[in-house]
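>>> Give me a 3D structure for the following:
(2 chains)
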Number of protein chains: 2
Amino acid sequence: MAHMNRAFVLKHRPTANLAAGDLELVETPVRELAQGELLIRNIYLSLDPTNRIWMSDREQYLPPVGVGDVMRGGTVGVVEESRSDRFAPGDIVMPAEGGWALYCISHERATRRVRMASGVPLTAHLSVVGPTGLTAYFGLLDICDPQPGETLVVSAAAGAVGSVVGQIAKIKGVRVVGIAGGEAKCRWIVDDLGFDAAIDYKNEDVGAALDRLCPDGIDMNFENVGGPIMDAVFSRLRLHGRMSLCGMISGYNEEGPLAGPTDFGRVLMKRLTIRGFIVIDYMAQAKQAYTDLSQWVSEGRLKWKDHVVDGLENAPSALDRLFTGNHDGKLMVRISPET
Amino acid sequence: MAHMNRAFVLKHRPTANLAAGDLELVETPVRELAQGELLIRNIYLSLDPTNRIWMSDREQYLPPVGVGDVMRGGTVGVVEESRSDRFAPGDIVMPAEGGWALYCISHERATRRVRMASGVPLTAHLSVVGPTGLTAYFGLLDICDPQPGETLVVSAAAGAVGSVVGQIAKIKGVRVVGIAGGEAKCRWIVDDLGFDAAIDYKNEDVGAALDRLCPDGIDMNFENVGGPIMDAVFSRLRLHGRMSLCGMISGYNEEGPLAGPTDFGRVLMKRLTIRGFIVIDYMAQAKQAYTDLSQWVSEGRLKWKDHVVDGLENAPSALDRLFTGNHDGKLMVRISPET
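Sure, this is the predicted structure:
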C-alpha cells in the first residue's frame, strides 16, 4: 500500500517575513521506488537562514525552490524501504535532498549513512557533527587561517554555526569575542563555551563595545549577520584582516541587494581578505572535519545546544525564530519519532 | 658648499582635485650627510594615484604626508655624494623615500641599487621593471591565481599597472578583457599588447559590453578604478571569482568612504574572494618578480610606455592627468637629466 506523504509546498515567494499561505502542507501518495532508490522517513528537519534565500528568487548558490515544489531542507531520517544493496531498512541516513516532508525518496548515491557514536544524539548530526559544524570548521580554519594570539569576532555567536566557530577558535589559541542577542546567550558563550567576551547587540552599542574589547583592532571576522553589525566589525579589521562571509541573515527577509561595508576602501588600505563560502564547497574534504569535530565533542571541548520544535506543521512558524533570535541552539523540527 | 634643494611641500590637504597652492615649491639648503647616508639627485619622479591618498588624511596604509612636509614620491636618481661604503657617486639608485624634490638624503639601508640592462631605459625602473610592474605581478599572480582558459577583466587597462597585468595574464594563458578610456588606448592594448578585447568606458556602456564579451561571467577582476566600473565587473564575477583590489582611483579626489559593490551578497552566493594589497607587502619576494619581469621584457613579451613630463615644477599639474586619463603610459616627471 502506498505511503501518504505530507510535505510543504512553496505557494508564493515571500516578499518579507515568511507569511501564512506562502507554504502549504499537502498530502500526496509516495510513488514507487526505482532501482537504487530509498524511501526515507525524515526524523529531524534542519532549519537554517539559507532556507529563506531558497524561497526567494534572488541570485543565489542553488536554484531557488520552484513555486509548486516541495520546500528544500536538510534532514536526518531512517530508511523504510530500500531498492539498494547499500542500505537496509532501519539505517539512519542523511539524504542530499530531504525536504520539508515526512517522506522523501533518495538515490543511494545521494544518501549518506550516519555513523552514530555513543553520547552523541541524533540531533547533533544536523548540528555540531553535521552541516553547521562543518560550516564553522571550514569557514574558520580554511578562510580565516587563525593564528594563536589573534583576535576573532564572530556574529550570531550563540547560533549553531557561531557557537562552534568560537569554540574551535579557542582550541586554536585565538582570543574570541562573540556578538549575540540577549544576556542569556552572552552568558552561555562566555561561561559555558569559553569565549573571552560577549557583546549583547540588543542592549549595547556594538561599535563602542568592539572599541573597548578590541582596542588594537580585529584580525578575523566570521560573519553570519551582515548589515550594521558586519559593518561595525569590518570597520575595525586591522592590517591583513580576514573576513569569512558565511551569512547575511539580517537582509534575507528583504528583497534587493545585500549591502556591504560602508568604506570598501579599507579592503585596500588594510589589505583585507574577504571570502564568501558555502559549506557544500567543502564536502570533498568533509571526512577530516567530521573526525576532528567528533573528537572534540568526545573530549568535551565542543559544546552545543539543539532546539527541537515538534511537528512538521510547525516548521514555517519555527523558521521565523532564526530571524528574531527566539531560539536556543541549532533549530530543527521533529517530523517523526526517532524510533 | 651646500647644495640648494627644490622641493614641493604640502601646504593644505586638497579637498577635491589638487588645487594651486596645495603644494608649494620651496628652496632650502641640503643638510650635511651623516655616516651611512647618501645625497641623491632625483632624476625621475613616479606619479601614482596613491600620491593623492597620501595628501589626504583618510585612513590609509602609510602615515599621511604631514602638512608642511616634503611630498612623498618614488624616484630613481644618481648618487652625488656618499658616506657609505656600499655606494659611490654615479651609482643609479632608488631611495625608499625620494620625494617630490631635486635632492634627497637616503640611508644606505633604505636605498636600492638599480641594475641597468641593455635595451631597458632608466624610466622603466619606475614602471615595467619597477614598482608598477611588481604591483601587476603580485596582484595578479598571488591574489587572482590565474588558470589557463579563465577570463580576467582589468580596469585602467592601458595604465602602468593594468597594461602589465593584462600581458602577464596572456603569458599565463588567460583570456583578457581590458577597460580603458578612449579609442587609442583600447586599440593599443588589443593590437600591441595582445589583450583579447577592450571596452572603452568613455564611449560605451561597460555593463553591456561585459555582457557581450563575457557571456559566461568573469573569473578574475584586477581592479584599479573602483566605483561604477568596479561594480559592473563585480556583479558579473562567476562562481569562485577573485578580485584583486589594487586601487580605487575614481574616489581619491573625494573625501569620505570609498563605496564598494552594490550587492555584497554576491560574495556569499558566488563564493567570491576579494583581497586588497599594496605592493610594499611583497618587497621580500621582489627578486623573483624582477627576474621574471626583466626576462619577459628582454623576450619582447612585455611592452610598456612611459610618459615623461619635464620639470619638477610641473609635477602637481601632471598628477591630474592620472585622474583624467590624459596620459599615455607610466606617468613620471623628469626632475634632472640622466647624465
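>>> Give me the nearest residue to residue A:145, chain neighbours excluded.
residue A:242 (6.9 Å; Cβ to Cβ, 6 or more residues apart in numbering or on different chains). Where C-beta positions appear, they are placed from N, C-alpha and C, glycine not excepted.
>>> mind listing what that neighbour touches?
A:143, A:144, A:145, A:219, A:220, A:221, A:272, A:273, A:274, A:275 (Cβ atoms under 8 Å, 6 or more residues apart in numbering or on different chains).
>>> Please name the bridge partners of it.
Beta-bridge pairing for residue A:242 (DSSP bridges): residue A:220, residue A:273.
>>> got a pLDDT number for it?
On the pLDDT scale, residue A:242 is placed at 98.
>>> and the closest residue to chain B within the stretch 101-250 of chain A, how many residues sit next to it?
Here the residue of the stretch 101-250 of chain A nearest chain B is residue A:245; by Cβ to the nearest Cβ that distance is 5.2 Å. By the criterion of other Cβ atoms under 10 Å in any protein chain shown, residue A:245 has 26 neighbours.
>>> thought it was touching residue A:273?
No: between residue A:245 and residue A:273 there is no contact, the gap being 10.6 Å when judged by Cβ atoms under 8 Å.
>>> Return the residues in contact with residue A:97.
By Cβ under 8 Å, 6+ apart, the contact set of residue A:97 is A:72, A:104, A:106, A:110.
>>> Helix or strand: which one has it?
Using DSSP states H and E, residue A:97 sits within no helix or strand.
>>> and it, how far is that from chain B?
19 Å (Cβ to the nearest Cβ, to the nearest Å).
>>> Mind splitting chain A into its structural domains?
For chain A, the structural domains run A:4-126+A:305-334, A:131-280, going by automatic domain parsing.
>>> Give me the three-state assignment for residue A:147.
coil (DSSP: H, G, I helix; E, B strand; the rest coil).
>>> tell me, how many neighbours does it end up with?
Counted with other Cβ under 10 Å, residue A:147 comes out at 11.
>>> contacting residues for it?
Contacts here follow Cβ under 8 Å, 6+ apart; on that basis residue A:147 touches A:173, A:174, A:219.
>>> quick one: the residue most central in space within chain A from residue B:295, how far?
The structure's chain A has its C-alpha centroid closest to residue A:132; by Cα atoms, centre = their mean the separation is 4.4 Å. Residue A:132 is 50 Å from residue B:295, where distance means Cβ to Cβ, to the nearest Å.
>>> swap in residue A:130?
52 Å.
>>> Residue A:204 now?
58 Å.
>>> And the spatially closest residue to residue A:127 that is not a sequence neighbour, its phi and psi?
Distance criterion Cβ to Cβ, 6+ apart; nearest residue to residue A:127, sequence neighbours excluded, is residue A:330 at 3.5 Å. Phi and psi for residue A:330, reported as degrees, to the nearest 10, are phi -60, psi 120.
>>> what is residue A:330 paired to in the beta sheet?
Where residue A:330 sits in a bridge, its partners, by DSSP bridges, are residue A:306.
>>> Isn't it up against residue A:160?
Yes: counting by Cβ under 8 Å, residue A:330 does reach residue A:160; the two are 3.7 Å apart.
>>> which residues do the two both contact?
A:127, A:128, A:132, A:304.
>>> ok, the third one - contacts?
Read it as residue A:132. Residue A:132 neighbours (Cβ under 8 Å, 6+ apart): A:46, A:48, A:126, A:160, A:161, A:164, A:330.
>>> Mind checking which of the residues you listed land in strands?
Those of the contacts of residue A:132 mapping onto strands are A:46, A:330, per DSSP state E.
>>> Now render the contacts of residue A:132 as a markdown table, adding neighbour count and pLDDT.
As requested, the contacts of residue A:132 are exported to a markdown table (neighbours: other Cβ atoms under 10 Å in any protein chain shown; pLDDT from 0 to 100):
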| residue | neighbour count | pLDDT |
| --- | --- | --- |
| A:46 | 24 | 98 |
| A:48 | 25 | 95 |
| A:126 | 29 | 97 |
| A:160 | 32 | 96 |
| A:161 | 29 | 97 |
| A:164 | 30 | 98 |
| A:330 | 28 | 97 |
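>>> ok, now which ones touch the closest residue to residue A:265 other than its chain neighbours?
Of all residues not flanking residue A:265 in the chain, residue B:258 sits nearest, at 3.1 Å (Cβ to Cβ, 6+ apart). By Cβ under 8 Å, 6+ apart, the residues touching residue B:258 are A:263, A:264, A:265, A:268, B:226, B:248, B:251.
>>> circling back to that earlier point, from the contacts of residue A:97, pick the one nearest residue A:4.
Using Cβ to Cβ, residue A:104 is the member of those that lies nearest residue A:4, at 13.7 Å.
>>> With just CA atoms, put the host helix or strand of the closest one into PDB.
Assigned by DSSP H and E, residue A:104 belongs to strand A:103-107. Provided in PDB are the C-alpha atoms of strand A:103-107 (Å, rounded to 0.1, in the frame of the first residue of the first chain):
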ATOM      1  CA  TYR A 103       9.000  11.100   3.500                       C
ATOM      2  CA  CYS A 104      11.500  11.500   0.700                       C
ATOM      3  CA  ILE A 105      12.900   9.300  -2.000                       C
ATOM      4  CA  SER A 106      16.600   9.500  -2.300                       C
ATOM      5  CA  HIS A 107      19.000   7.700  -4.600                       C
END
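>>> Going by neighbour count, list what's buried in that strand.
A:103, A:104, A:105, A:106, A:107 (16 or more other Cβ atoms under 10 Å in any protein chain shown).
>>> now these in TSV, with pLDDT and distance to chain B?
Below are these laid out as TSV (pLDDT from 0 to 100; distance: Cβ to the nearest Cβ, whole Å):
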residue	pLDDT	distance to chain B
A:103	98	30
A:104	98	26
A:105	98	29
A:106	98	25
A:107	98	25
